[in-house]
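1. Attaching a predicted model along with its sequence, questions to come.
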Amino acid sequence: MKSREPLIRAKRFQMDDMRRRIAQIEGMIADFDRMIADLDRDIALEEQRSGISDPRHFAYPPLAQAARGRRDNLRTSVDELSLQRDSARGMLTQVEADLALAEAAGEMERGGKSDAGARRRGWRAGETLRL
């Protein structure tokens, strides 16, 4: 039978890669959330300074308007990244299941080889040799 070690190594690599990808996505989401909080503070300060909090008002501060646009774009990015993270988590679960299956098959294969040798000598699996 063919060894399953290359398959197991490939699955472990995929699993590690997916974990790194998930960590990167979560880091980006955290960074974007901090930026959103900063922009919210900037918007509130600018609105307080100008005394106008209605973005449709003709004299609404341009700085606050630009910050609102940036904040909204970041929120959209966070939503998209959350979808990517959830998808990556699903893929990680699948890769972990595939790895467990490949490792179990490898163990059975290794166990089967030792049992076959014992049977050729007249022993059964789990039996001890009596002298």
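-> Yep, it's here. Computed from a prediction, not measured in an experiment: that's the story for all the values here.
2. From here on, just use CA atoms for contacts and neighbour counts.
-> Fine.
3. Could you check how far the residue sitting nearest the centre point of the chain is from residue 81?
-> Central residue of the chain (C-alpha atoms, centre = their mean): residue 22, 2.8 Å from the mean position. The gap separating residue 22 from residue 81 is 10 Å, by C-alpha to C-alpha, to the nearest Å.
4. just residue 75 next, same as before
-> 10 Å.
5. repeat for residue 46
-> With C-alpha to C-alpha as the criterion, residue 46 and residue 81 are 29 Å apart.
6. do residue 40 as well
-> Counting by C-alpha to C-alpha - residue 40 and residue 81 are separated by 20 Å.
7. cool, and residue 3?
-> Taking C-alpha to C-alpha, one finds residue 3 at 38 Å from residue 81.
8. hang on, the residue nearest to the centre of the chain packs against residue 87?
-> No. If you go by C-alpha atoms under 8 Å, residue 22 and residue 87 don't touch, sitting 9.5 Å apart.
9. quick revisit: could you report the pLDDT at the residue nearest to the centre of the chain?
-> Here the pLDDT value assigned to residue 22 is 97.
10. Name the helix or strand for it, please.
-> Per DSSP states H and E: residue 22 is located in helix 5-50.
11. Compare residue 46 and residue 81 (neighbour count), which wins?
-> Each of residue 46 and residue 81 has its neighbours counted (other C-alpha atoms under 10 Å); residue 46 has more, 20 against 17.
12. How about the contacts made by the more buried one?
-> 61, 63, 64 (C-alpha atoms under 8 Å, 6 or more residues apart in numbering).
13. Would you check how far apart the first one and residue 40 are?
-> What that stands for is residue 61. 14 Å.
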